[in-house]
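Visitor: A structural model of the following input is requested.
(one chain, ligands or ions: 1)
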Amino acid sequence: MKIKNIFILLGVAAIMFSCAENPFTGKKTMALVPNSQLFPTAFAQYDQFLTDNKVVTGTKDAAMVTRVGQRIAVAAERWLSANGHQGYLKDYKWEYNLVDDETVNAWCMPGGKIVVYTGILPIAKSETGLAAIMGHEVAHALANHGQQRMSAGMVQQGLAVAGNIAIKDEQSRNAFNQYYGIGSQVGVMLPFSRSHETEADKIGLYLMAIAGYNPAEAANLWKRMKANSGGQAPPEILSTHPSNDSRIANLTALAPKAKEEAAKFGVTTFR
Ligand SMILES: [Zn+2]
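Guide: Model prediction:
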C-alpha cells in the first residue's frame, strides 16, 4: 500500500513536469510518457497491425482514405501555423490505411497513424462522411486523449514511472492498444470520456471544414451511427466513442462556427 502511494506521488510529480498546453484544446494535459517515447512505440505497433491485417491498396476506397487523411492533416497544419504553433506536428509521420475488416471502426494513433476499416464505409456513406470520422479520430490524437487515458491508467495501476514505458511485453502492448482503442481481440476497449468526445467533435468539425468538407454532415454521420447501434453487431467505434443524443444537437449547433473558421482559410465552398 505504501509503495503504491509512493508510485502515485511519483506519478503526480511526473504529471507536474510533463504538463504542456495543448494548442487544440488550450488545456494543460497529463502526459506521463513523452512523445519522443510514445511515437516510436505507436509507429511500431502500427506497423505490426498492418502486418497482421489485410491492407487494401489500389482501390477507389483506399485512394479516398488517403485523400481525406491528407486533407485533414493539411488542415491541422494550416490551423496550427495560423495560430502560432508552427512545427507542433514535426514528429508526426502521417499515414492512412484502409484495412479489409467488417468491424465498424477507425482510429488514429499518436503521431498520425490512421486506420479505417472497410466495415465503416457503408455508414460513412460518402467522402464527406468519412471526413467526419477521420476528422474526429485525428482530433483525439491531436488533443492527446489517448495519452491522457494511458497516463491516468498508469497512475491508477501504480505504474507511473515517468519516461520509462516498456511496450515490449505482450501485456503492455495489449494495455497500449486498449488505451488507443485498437483491435477488438484483446478484451474490453476503454471508452473515451464524454468530455473528450465533445472536444474531439469540435476539433474534428473544424478540421473537416478547413479541409473543404461540409461540417453539417457530421451530425448526419452520427445519426447513422446511432441507427446502426442496435442489432447483433453494433458499431465497434461506439464502444470506444460513447455517444448520446446531445452530441448530434451539439454538432449541428457547431457546424456554422466550423464554416466560419474555414472561411478564415479561404474555404467557403464545401463538398
Ligand atoms: Zn471519439
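
Visitor: I237 touches I120, doesn't it?
Guide: Yes. The criterion here is Cβ atoms under 8 Å, and I237 meets it with I120 at 6.7 Å. Using the backbone N, CA and C atoms, a C-beta is placed for each residue, glycine as well.

Visitor: for those two, list the residues in contact with both.
Guide: Between them, I237 and I120 have 104-106, 133 as joint contacts when contacts are counted by Cβ atoms under 8 Å, 6 or more residues apart in numbering.

Visitor: what residues does the stretch 101-250 of the chain have near the ion?
Guide: Taking Cβ under 5 Å from the ion as the contact definition, the stretch 101-250 of the chain meets the ion at 192, 197, 200, 241.

Visitor: before we move on, the earlier item: quick one: the shared contacts of I237 and I120 as CSV, columns for secondary structure and distance to N144 too.
Guide: Supplementary listing: those in CSV, determined by DSSP: H, G, I helix; E, B strand; the rest coil; distance: Cβ to Cβ, whole Å:
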residue, secondary structure, distance to N144
V104, coil, 25
N105, coil, 20
A106, strand, 18
I133, helix, 20
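
Visitor: going through the residues you listed, which ones are buried?
Guide: Buried members of the shared contacts of I237 and I120, scored by 16 or more other Cβ atoms under 10 Å, are 104-106, 133.

Visitor: dump the C-alpha coordinates for stretch 101-116 into PDB.
Guide: C-alpha atoms of stretch 101-116 as PDB (Å, rounded to 0.1, in the frame of the first residue of the first chain):
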ATOM      1  CA  ASP A 101     -12.300  -5.900 -41.900                       C
ATOM      2  CA  GLU A 102     -16.000  -5.800 -41.400                       C
ATOM      3  CA  THR A 103     -15.600  -4.200 -38.000                       C
ATOM      4  CA  VAL A 104     -17.200  -0.800 -37.900                       C
ATOM      5  CA  ASN A 105     -14.300   1.200 -36.600                       C
ATOM      6  CA  ALA A 106     -11.500   3.700 -37.300                       C
ATOM      7  CA  TRP A 107      -8.700   5.100 -35.200                       C
ATOM      8  CA  CYS A 108      -5.700   7.300 -35.200                       C
ATOM      9  CA  MET A 109      -2.600   6.500 -33.100                       C
ATOM     10  CA  PRO A 110      -0.300   9.100 -31.600                       C
ATOM     11  CA  GLY A 111       1.900  10.600 -34.400                       C
ATOM     12  CA  GLY A 112      -0.800  10.500 -37.100                       C
ATOM     13  CA  LYS A 113      -1.100   6.800 -37.800                       C
ATOM     14  CA  ILE A 114      -4.600   6.200 -39.100                       C
ATOM     15  CA  VAL A 115      -6.600   3.000 -39.800                       C
ATOM     16  CA  VAL A 116     -10.000   2.900 -41.400                       C
END
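
Visitor: check which residues of it are buried.
Guide: In terms of neighbour count (16+ other Cβ under 10 Å), stretch 101-116 has its buried residues at 101, 103-116.

Visitor: among these, list the two that are farthest apart in space.
Guide: In these, the most distant members under the criterion Cβ to Cβ are V104 and G111, with 24.2 Å between them.

Visitor: and of the buried ones among the shared contacts of I237 and I120, the nearest to F43?
Guide: Here the nearest of the buried ones among the shared contacts of I237 and I120 to F43, counting by Cβ to Cβ, is A106; it sits at 18.2 Å.

Visitor: related to what we said a few turns ago, could the buried ones among the shared contacts of I237 and I120 go into CSV alongside distance to K27 and pLDDT?
Guide: Converted to CSV, the buried ones among the shared contacts of I237 and I120 look like this (distance: Cβ to Cβ, whole Å; pLDDT from 0 to 100):
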residue, distance to K27, pLDDT
V104, 30, 92
N105, 27, 93
A106, 24, 95
I133, 24, 98
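
Visitor: relative to M64, which of the residues you listed is nearest.
Guide: Taking Cβ to Cβ as the measure, M64 lies nearest I133 of the buried ones among the shared contacts of I237 and I120, at 11.7 Å.
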